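Q: could you work out the structure for the sequence below:
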Amino acid sequence: MIDLTTGYLGLKLRTPLVASSSPLCKDIANILRLEDAGASAIVLHSLFEEQITAESGVLDRYLTEGTDSFGEALSYFPEMTSYNLGPDPYLNHLRKAKESCDVPVIASLNGVSTGGWIRYAQLMEQAGADALELNVYYLPTDLEMTGEKIEEMYSDLISHVKASIRIPVAVKVGAFFTAFANTAKRLDESGADGLVIFNRFYQPDFDLNTLEVVPNLVLSDSSELRLRLHWAALLYNRIRPDIAITGGVHTAEDVVKSVMAGARVTMLTSALLRHGPEYLTKLEEDLGDWMEEHEYESIQQMRGSMSSQAVTEPAAFERANYMKVLSSYTLKDALR
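A: All right, here's what the predicted structure looks like:
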């Protein structure tokens, strides 16, 4: 019997297949579909910092910066209720989700400053959340903002939230750091229980007819997994937080690669939006079939088997791989 169980944030999960934060999680009926299809845990859609600050009447300085000069700046933020629920309805939704399903439910906060996060982290814990995911999405545009200052903001945020609640806290971050290995270490030292890599960078487009900046959402595919595999393999067993991979997980082979790189769980959004919650059932079946065919008895047996932990100097491993990739491509390949 193939053992697909794994552990994440101190939670024992039936498989490494987790339904990540998405619009699917807004509806209790969809949450039940995800559970019935095999999701081992569910990360709710995010409560945004802008909703919390708007409710309190105090906008965070990173949101309001420059709005005196550019009055239209706030118009770039959508009406949050079009995607999300307000702060209090969100907590009610969390309670209903916990009452309705048996798998762990992870609440999600999306923002960058401490602000009202502390209060709502506590309220989410009281509402029954099994864990909290801090979805930190901040791309600095201030010419005076240093990389060190940004990393300090992340560390302070995690430290404050961790000090205010007892449930596990994971942090979901983007890949835009000069020295991500050191950043991961700092997040570890700040108390993060899990590291979710990576937040996708949704890049807007220009509408040449209206001359407006417009949203441009493109679902991921398996090619986006490589960057995640790269860092999971480098960080495995070098930091304390559990590693979760999100972005580019679409097939059983993607799940296998993620686990072999060192991930404890794989989080799915685009695949479920594209194929529906029931796709989880097929994914689990395919994962079991692959492991049986290749004679793996458990997820634990596979975990980290393709990581860099056996390499004395990871940077040297990276350089060698870089040179190997470049030398493997020939002029003949280019002319095909």
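
Q: list the contacts of Leu17.
A: Neighbouring residues of Leu17 by Cβ atoms under 8 Å, 6 or more residues apart in numbering: 38-40, 255, 265-266, 268, 280, 283-284, 287. For the C-beta atoms, the positions are set from N, CA and C on the backbone; glycine is no exception.

Q: for Val171, same thing?
A: Contact analysis of Val171 by Cβ under 8 Å, 6+ apart lists 133-134, 136, 154, 158, 187, 192, 194-196, 241.

Q: ok, Ile118 next?
A: Residues near Ile118 by Cβ under 8 Å, 6+ apart: 160-161, 164.

Q: quick check: phi and psi on Gln301?
A: Main-chain dihedrals, Gln301, degrees, to the nearest 10: phi -60, psi -30.

Q: leaving out sequence neighbours, find the closest residue to Gly7.
A: Excluding its sequence neighbours, the residue lying closest to Gly7 (Cβ to Cβ, 6 or more residues apart in numbering) is Arg264, at 6.3 Å.

Q: sorry, slip of the keys, the one I care about is Ala41.
A: Nearest residue to Ala41 in three dimensions, chain neighbours excluded: Pro104, at 4.3 Å (Cβ to Cβ, 6+ apart).

Q: pull the number of nearby residues for that neighbour.
A: Neighbour count for Pro104, taken as other Cβ atoms under 10 Å: 22.

Q: also Ile245?
A: Using other Cβ under 10 Å, Ile245 has 30 other residues around it.

Q: helix or strand: which one has it?
A: Using DSSP states H and E, Ile245 falls within strand 242-246.

Q: just the angle for whichever helix or strand comes after that strand relative to strand 242-246, thanks.
A: Moving toward the C-terminus from strand 242-246, the next helix or strand (DSSP H and E) is helix 252-261. Helix 252-261 runs at 150 degrees relative to strand 242-246, counting by axes from the mean of the first three to the mean of the last three Cα atoms, to 10 degrees.

Q: mind giving me the packing neighbours of the next helix or strand after helix 252-261?
A: On the C-terminal side of helix 252-261, the nearest following helix or strand under DSSP H and E is strand 265-268. With contacts defined as 3 or more Cβ pairs under 8 Å, 6 or more residues apart in numbering; DSSP states H and E, the packing partners of strand 265-268 are strand 17-19, strand 242-246, helix 252-261.

Q: who's in contact with the last one?
A: The one in question is helix 252-261. In this structure, residues lying in contact with helix 252-261 by Cβ under 8 Å, 6+ apart are 6, 16-17, 222, 225, 228-229, 232-233, 236, 245, 248-249, 266, 283, 286-287, 289-291, 299, 302-307.

Q: tell me the buried residues within these.
A: 6, 16-17, 225, 228-229, 232-233, 236, 245, 248-249, 266, 283, 287, 290-291, 299, 302-304, 306-307 (16 or more other Cβ atoms under 10 Å).

Q: which of those residues fall in helices?
A: The helices, defined by DSSP state H, take in 225, 228-229, 232-233, 283, 287, 290-291, 299, 302 from the buried ones among the contacts of helix 252-261.

Q: got CSV for these, with pLDDT and distance to Leu32 too?
A: Listed next are those as CSV, based on pLDDT from 0 to 100; distance: Cβ to Cβ, whole Å:
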residue, pLDDT, distance to Leu32
Leu225, 96, 28
Arg228, 96, 29
Leu229, 96, 32
Ala232, 97, 31
Ala233, 95, 35
Leu283, 98, 18
Leu287, 98, 22
Trp290, 98, 28
Met291, 98, 28
Ile299, 98, 25
Met302, 95, 30
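
Q: and these as CSV, adding distance to Leu217?
A: Output for these, formatted as CSV (distance: Cβ to Cβ, whole Å):
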residue, distance to Leu217
Leu225, 19
Arg228, 19
Leu229, 24
Ala232, 25
Ala233, 29
Leu283, 22
Leu287, 28
Trp290, 30
Met291, 33
Ile299, 32
Met302, 33
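
Q: spatially, which two of those are the most separated?
A: With Cβ to Cβ as the measure, no two of these lie farther apart than Ala233 and Leu283, at 21.8 Å.

Q: nearest to Met145, of the ones in helices among the buried ones among the contacts of helix 252-261?
A: Of these, the one sitting nearest to Met145 (Cβ to Cβ) turns out to be Arg228, at 25.9 Å.

Q: look up the closest residue to the closest one, ignoring the ones flanking it.
A: Ile245 (4.5 Å).

Q: cool, and Val173?
A: Using Cβ to Cβ, 6+ apart and skipping residues adjacent in sequence, the residue nearest Val173 is Val136, 5.6 Å away.
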